[in-house]
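Student: show me the folded form of this:
(one chain, ligands or ions: 1)
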Amino acid sequence: MVTLLNENYHVCTGCALLCDDIEVVTGSGRITEVKTACRKGVARMKGCSEPMSPTVDGQEVDIDNAIGAAAGILSNARSPLVFGLGNSTNMAQKKAIELAKRIGAVIDDTSSFCQGPTLEAIFNENIRSTTLDDVRNKADVIVYWGADASNSHPRHFSKYSYFPRGQERQRGWEEDRIMITIDIRRSHTAKISGDKFYQIPLQADAEFIDALIDALSGKVPKVSFGFDIKRILELANILKKARFGTIFVGLGLVYSIDNMDPVVKLMDKLNEMSNFHLIPMVGHYNMRGFNQNLFNETGYLNRVKFEKGDSTDVQHGAEFSIVETLNNKAADAALVIGSDPLSSLPRVIAEHLLNIPVITIDPCETFTSRKAKVTIPSALSGVECGGSAIRMDGVEVKFEPIIETNRPPDEEILTRIMEAL
Ligand code: SF4
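Tutor: Numbering: from 1, shown residues only. Predicted coordinates:
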């Protein structure tokens with residue numbers, strides 16, 4: 001399904017909700033005011049506080065020289081790593097996959113250590129998903145599990161899940177919807193859920209799921225931690241009666257379980273008696289797009305290694321995750337696109353990046369770009385260049401540039417690097 005651009009409004013690329021009702025005021029080549037967006041969206045759309053310049057070895061150069069230096073590094077590398085792309089358009093991601101094939105690179109993204117397992121279960125149809133539009137129109141029971149949407153995706157409740165009047169939910173949150181939060185702490189999201197907040201201990205999600213499945217099966221649930229069994233029975237009762245239920249899965253749940261088996265089991269049980277769906281709370285605006293594009297190309301959504309010069313020969317596995325690639329010191333060069341692994345990964349893992357030539361393509365200066373051998377500034381997608389992206393629920397959203405820039409989009413930079421190889 002494609003959400004076509006409404007030319008009166010803009011799309012915010014601040015997170016994977018891709019809100020498409022944004023109004024802006026521009027002046028002197030900048031966005032000066034952003035209406036409708038949340039605080040994260042306003043910050044994204046107003047642009048970088050520290051824009052990046054083209055550099056080689058810390059010296060400012062023109063962009064052609066930076067692109068030439070990047071091509072030289074990648075041509076000479078025996079085992080390059082391509083990483084990031086969650087903040088790039090679909091076309092840029094496809095181009096990066098093409099480049100990775102050409103140079104025989106490992107390619108991976110942040111889903112490798114966040115929502116990868118959830119998306120894999122959806123892509124392989126082990127879990128039923130739905131669209132946010134259907135949630136808005138139909139959902140009567142909404143569960144945030146290990147997710148604090150109030151801070152990660154601030155307009156989630158108002159645009160889609162809890163507060164809107166939907167076609168089949170005309171009486172809205174006051175009477176027509178129940179919002180549940182399951183988490184280890186009383187987050188801002190949990191506070192909105194009121195007495196439908198179920199607080200569980202750290203790492204207890206799998207045990208809680210088992211207890212919930214027992215309750216759904218008519219058995220007496222058991223948990224090793226002190227939790228009122230009556231509340232688990234009450235929760236099971238609400239879920240059972242849902243006419244259209246959706247679980248929004250956050251990293252709190254993903255990080256607490258070894259694999260998706262408990263969640264698949266719970267979804268199967270719920271769908272024996274009601275109608276339940278799951279949507280991952282994807283963070284970066286087009287992480288799901290990267291996963292979908294790589295999946296379409298290779299059958300895998302991340303952790304892929306291409307063989308140089310043989311595009312049909314693909315390897316996949318944990319050893320090709322960024323974490324293991326850096327841990328094993330298996331990469332001799334890295335191309336980082338729209339990501340900041342030196343900030344987001346533990347130092348002990350990321351420090352290999354300090355010992356190899358790194359190229360960063362990014363609109364803004366980051367910790368990784370400050371340590372990179374080559375930096376190439378790119379246009380800020382959704383603001384300075386257009387394209388399309390895949391929303392957290394799998395819907396494609398198109399967007400147009402709002403202001404002009406002389407910085408090229410990621411896609412163009414990657415094309416020029418390929419031409420210069
Ligand atoms: S919720 Fe996400 S997409 Fe919507 S305005 Fe906020 S940052 Fe932008």
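Student: need the residues of the stretch 51-200 of the chain near the ligand, please.
Tutor: Residues of the stretch 51-200 of the chain that fall close to the ligand, judged by CB under 6 Å from any ligand atom: 153-155. In short, each C-beta sits where N, CA and C put it, glycine included.
Student: which one of the residues you listed is nearest the ligand?
Tutor: residue 155 (3.8 Å; CB to the nearest ligand atom).
Student: show me the contact partners of stretch 19-37.
Tutor: 3, 5-6, 8-12, 14, 41-42, 44-47, 155, 159, 383, 397, 399, 402-404 (CB atoms under 8 Å, 6 or more residues apart in numbering).
Student: again, 7 Å this time
Tutor: If you take CB atoms under 7 Å, 6 or more residues apart in numbering as the criterion, stretch 19-37 is touched by 3, 6, 9-12, 14, 41-42, 45-47, 155, 159, 383, 397, 402-404.
Student: re earlier: ranking the residues of the stretch 51-200 of the chain next to the ligand by neighbours, who comes first?
Tutor: Using other CB atoms under 10 Å as the neighbour criterion, residue 153 leads those with 27 neighbours.
Student: pretty sure that one sits against residue 15.
Tutor: Yes - counting by CB atoms under 7 Å, residue 153 touches residue 15, with 5.2 Å between them.
Student: residue 339 belongs to a helix, doesn't it?
Tutor: No - membership of residue 339 in a helix is not supported by DSSP: H, G, I helix; E, B strand; the rest coil, which gives coil.
Student: what bridges to the closest residue to it other than its chain neighbours?
Tutor: Nearest residue to residue 339, sequence neighbours excluded (CB to CB, 6 or more residues apart in numbering): residue 84, at 3.1 Å. Per DSSP bridges, the residues bridged to residue 84 are residue 337.
Student: who touches residue 84 in this structure?
Tutor: Contacts of residue 84 by CB under 7 Å, 6+ apart are 109, 336-339.
Student: quick one: it from the ligand, how far?
Tutor: 19 Å (CB to the nearest ligand atom, to the nearest Å).
Student: and that residue, how far from residue 65?
Tutor: Distance, residue 84 to residue 65, using CB to CB, to the nearest Å: 22 Å.
Student: which among the contacts of residue 84 gets closest to residue 296?
Tutor: residue 109 (14.7 Å; CB to CB).
Student: any idea how many residues pack against the closest one?
Tutor: Neighbours of residue 109 using other CB under 10 Å come to 30.
Student: could you chop this structure up by domain?
Tutor: 49-110+285-382+403-420, 116-280 (automatic domain parsing).
Student: now those domains in a markdown table, with mean pLDDT?
Tutor: A markdown table is the format used below for those (pLDDT from 0 to 100):
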| stretch | mean pLDDT |
| --- | --- |
| domain 49-110+285-382+403-420 | 95 |
| domain 116-280 | 97 |
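Student: deepest of those domains, which one?
Tutor: Most buried of the domains of the chain, by mean neighbour count (mean count of other CB atoms under 10 Å): domain 49-110+285-382+403-420, with a mean of 20.
Student: all strands for the stretch 301-421 of the chain, in order.
Tutor: 304-307, 310-316, 333-337, 358-362, 374-377, 387-390, 396-399 (DSSP state E, counting those that start in this stretch).
Student: turn the ones you listed into TSV, columns for distance to the ligand.
Tutor: What follows is the strands of the stretch 301-421 of the chain, written out as TSV (distance: least, CB to the nearest ligand atom, whole Å):
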stretch	distance to the ligand
strand 304-307	28
strand 310-316	31
strand 333-337	20
strand 358-362	18
strand 374-377	22
strand 387-390	10
strand 396-399	10
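Student: which non-adjacent residue is nearest residue 208?
Tutor: residue 200 (5.0 Å).
Student: that neighbour and residue 145, how far apart?
Tutor: For residue 200 relative to residue 145 (CB to CB), the value is 10 Å.
Student: and for residue 243?
Tutor: 20 Å.
Student: who's in contact with whatever residue of the stretch 201-350 of the chain ends up closest to the ligand?
Tutor: The nearest approach of the stretch 201-350 of the chain to the ligand comes at residue 285, 7.1 Å away (CB to the nearest ligand atom). Residue 285 is in contact with 13-16, 18, 87, 389, counting by CB under 7 Å, 6+ apart.
Student: hey, where'd the helices end up in the stretch 101-250 of the chain?
Tutor: 116-123, 132-138, 149-152, 156, 172-175, 188-193, 205-216, 229-240 (DSSP state H, counting those that start in this stretch).
Student: mind putting those helices into TSV with distance to residue 163?
Tutor: Converted to TSV, these look like this (distance: least, CB to CB, whole Å):
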stretch	distance to residue 163
helix 116-123	25
helix 132-138	10
helix 149-152	12
helix 156	10
helix 172-175	5
helix 188-193	9
helix 205-216	26
helix 229-240	19
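Student: closest one to residue 61 among these?
Tutor: helix 116-123 (36.3 Å).
Student: who touches that closest one?
Tutor: Against helix 116-123 from outside (CB under 7 Å, 6+ apart): 111, 127, 129, 249, 254, 259-260, 264, 280, 288, 291, 295, 301-302.
Student: apply 6 Å and report the result again.
Tutor: 127, 129, 249, 260, 280, 291, 295, 301-302 (CB atoms under 6 Å, 6 or more residues apart in numbering).
Student: thinking again about what came up before, can you put the strands of the stretch 301-421 of the chain in a markdown table and add distance to residue 23?
Tutor: Shown next, in a markdown table, are the strands of the stretch 301-421 of the chain (distance: least, CB to CB, whole Å):
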| stretch | distance to residue 23 |
| --- | --- |
| strand 304-307 | 40 |
| strand 310-316 | 43 |
| strand 333-337 | 29 |
| strand 358-362 | 27 |
| strand 374-377 | 27 |
| strand 387-390 | 20 |
| strand 396-399 | 14 |
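Student: hmm, back to that, confirm that the residue of the stretch 201-350 of the chain closest to the ligand sits in a helix.
Tutor: No - secondary structure of residue 285 (three-state DSSP): coil, not part of a helix.
Student: ramachandran coordinates for it?
Tutor: As for residue 285, its main-chain torsions (degrees, to the nearest 10) stand at phi -60, psi -30.
Student: for the closest residue to it other than its chain neighbours, give me the pLDDT.
Tutor: Nearest residue to residue 285, sequence neighbours excluded (CB to CB, 6+ apart): residue 13, at 4.3 Å. Looking at residue 13, its pLDDT stands at 97.
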